[in-house]
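K.L.:
Got a predicted structure here, sequence first:
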Amino acid sequence: MVDIAQQAAINPASARDAATARAHVALTSIDPGQWRALAQRAVEPNGYYLPAWELAVSATARGRSNASALPAFDASSTRLIGLMPVISLWRAWKIPLPALVSAHPYGTLCSPLIDRDAPIEAATRLLQRAREAGAHALVLTDVALDGAAMDVLRQVLGRAGLKPRILSSYIRASLDAIQDGETLLRDALGAKKLKELRRQRHRLEEHGPVVFEVARKPDEIGPALETFLRLEAGGWKGKRGTALVQHAGDATFIRRAVPALAETAQCEIITLRAGATPIGAGIVLRHQDRAFFFKLGVDERFARYSPGVQLTLDLTRHLCADPAIASADSTASADHPMINPIWRGRFAIGDVLIPLRRNDPIVALVHGALVGLNAAHEAARGVVRRLRK
């Protein structure tokens with residue numbers, strides 16, 4: 001759409017949403033039953049694009065509200081076979097070019113939902129829907145680079161003589177939950193480290209019996225969520241002002257999403273208590289045979305006992321003992337100091353630029369703008385690291 005590019009060059013303010021004005025719809029217009037059915041048929045699990053979660057994010061979450069959707073339907077136009085929540089490139093990074101970016105669902109995974117019963121058709125129709133929206137490129141952020149969704153997209157792009165470009169990537173920790181939990185922990189941490197953690201746990205028992213609890217049912221998950229929110233706000237996230245409960249929109253989102261997912265057994269709150277005192281809690285999503293460790297909060301008064309590690313050890317045993325779970329995504333940053341030594345599985349996560357037309361100069365402009373943006377962000381992070389030293 002050269003007219004969009006010309007408009008962007010002349011008047012960026014009026015062009016900023018040009019690529020999002022057509023051919024895609026509000027998330028709320030997607031039939032929830034169709035969305036849930038597609039999620040169950042998806043080639044790759046993504047707990048953060050389940051309807052109960054993403055709709056709650058888009059309704060109220062700070063900086064993430066009002067996302068649109070690229071839906072793909074089968075030839076009869078009655079069956080939803082693909083879904084990609086999106087926002088404009090302007091909204092994402094103030095770049096006035098006609099491209100769409102995967103909407104960030106709070107959790108760090110944006111792999112789109114693609115029907116495993118019709119993967120090529122679904123991916124083809126998703127890309128065509130983006131073209132009809134006026135986009136010249138898609139930018140998928142935080143996608144599993146070797147996951148099934150990207151594999152299908154590569155196949156479709158290859159048939160059209162196109163190739164995705166990786167903008168950035170990192171390696172993230174994951175759990176192979178098919179293994180025996182105790183064996184996995186012993187192999188990961190070693191006898192000496194496990195002995196030290198057992199010693200800390202015995203010391204913790206001086207404050208009362210140490211109990212690991214899992215809240216799943218709707219009537220029990222609400223109180224467990226409030227416990228998590230208090231712990232998170234009482235720690236370093238609260239000091240930085242980034243705890244969920246500190247922002248009205250974020251608090252509303254999480255209090256809406258967690259009970260809704262509990263209704264379909266796709267969310268649980270884990271809590272570690274010493275006597276009557278909760279010392280650690282976390283939110284875990286479930287989609288198909290994969291779990292997603294969303295967030296963790298701890299009582300820092302018990303820091304000497306490593307409450308986050310103790311909770312993660314129990315979560316590891318819990319997931320490995322569950323025949324419905326084959327793997328777990330830490331959804332953590334690269335080189336995370338707590339989870340990486342425990343969950344030794346690894347997979348690549350990255351941001352990917354998907355061109356929608358061959359030999360398109362606008363795609364080159366989008367690529368150059370994003371490379372420059374990444375370089376600026378990396379330079380800024382380097383300054384912050386030096387200042388902290």
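P.N.:
Here it is on my side, so go on.

K.L.:
looking at this protein, which helix or strand is least sure?
P.N.:
helix 2-10 (a mean of 40; mean pLDDT, DSSP states H and E).

K.L.:
Tell me which stretches of the chain form strands.
P.N.:
Assigned by DSSP state E, the strands in the chain fall at 25-26, 68-73, 80-88, 99-102, 113-114, 137-144, 165-176, 210-215, 267-274, 277-287, 290-298, 327-329, 345-355.

K.L.:
Can you say which of those is nearest to Arg129?
P.N.:
Taking CB to CB, strand 68-73 is the member of those nearest to Arg129, at 4.7 Å. For glycine as for every other residue, the C-beta is placed from the backbone atoms N, C-alpha and C.

K.L.:
Tell me the strands beside the closest one, with direction?
P.N.:
In the sheet, strand 68-73 lines up against strand 25-26 (antiparallel), strand 80-88 (antiparallel) (DSSP bridges).

K.L.:
same question for the shortest one, mean pLDDT?
P.N.:
Okay, so that is strand 25-26. Averaging pLDDT along strand 25-26 gives 92.

K.L.:
Next: the longest one.
P.N.:
Mean per-residue pLDDT for strand 80-88: 97.

K.L.:
Hey, what's the angle from that strand to strand 137-144? Just curious.
P.N.:
Taking axes from the mean of the first three to the mean of the last three CA atoms, to 10 degrees, one finds that strand 80-88 is oriented at 110 degrees with respect to strand 137-144.

K.L.:
For Pro51, see how far away Arg36 is.
P.N.:
Arg36 sits 6 Å away from Pro51, going by CB to CB, to the nearest Å.

K.L.:
more crowded one of these two?
P.N.:
The residue with more neighbours, out of Arg36 and Pro51, is Pro51; 22 against 15, by other CB atoms under 10 Å.

K.L.:
I figured the more buried one hits Ile30, correct?
P.N.:
Yes. Pro51 is within contact range of Ile30, at 7.5 Å (criterion: CB atoms under 8 Å).

K.L.:
can you map out the helices along the stretch 201-350 of the chain?
P.N.:
For the stretch 201-350 of the chain, the helices defined by DSSP state H, counting those that start in this stretch cover 218-233, 236-240, 248-262, 307-320.

K.L.:
Name the stretch among those that sits most buried.
P.N.:
helix 307-320 (a mean of 22; mean count of other CB atoms under 10 Å).

K.L.:
Show residues contacting that one.
P.N.:
By CB atoms under 8 Å, 6 or more residues apart in numbering, the residues outside helix 307-320 that reach it are 175, 177-182, 184-185, 197, 200-201, 204, 210, 212, 214, 270, 272, 279-282, 284, 291, 293, 296, 298-299, 325, 328, 338-339, 342-343.

K.L.:
how about Arg36, what does it touch?
P.N.:
50-51, 264.

K.L.:
ok, now how distant is it from Asn359?
P.N.:
Between Arg36 and Asn359 the computed distance is 40 Å (CB to CB).

K.L.:
again with Val309
P.N.:
Taken as CB to CB, the span from Val309 to Asn359 is 52 Å.

K.L.:
Check Pro119 too.
P.N.:
Taking CB to CB as the criterion, Pro119 is separated from Asn359 by 27 Å.

K.L.:
Please say which of these two ends up with more neighbours.
P.N.:
More neighbours surround Pro119 than the other of Pro119 and Asn359, with 23 against 9 (other CB under 10 Å).

K.L.:
Look up how far Lys163 lies from the closest residue to that one other than its chain neighbours.
P.N.:
Nearest residue to Pro119, sequence neighbours excluded (CB to CB, 6 or more residues apart in numbering): Val152, at 4.5 Å. Applying CB to CB, the value for Val152 to Lys163 is 15 Å.

K.L.:
between the two, which one's more packed in?
P.N.:
The neighbour count for Val152 versus Lys163, taken as other CB under 10 Å, is higher for Val152 (23 against 12).

K.L.:
about what we covered before: wait, isn't the residue nearest to Pro119 in contact with Val43?
P.N.:
Yes. Val152 lies in contact with Val43 (CB under 8 Å); the separation is 6.3 Å.

K.L.:
what residues do those two have in common as contacts?
P.N.:
Contact with both Val152 and Val43 is made by residues 114, 119, according to CB under 8 Å, 6+ apart.
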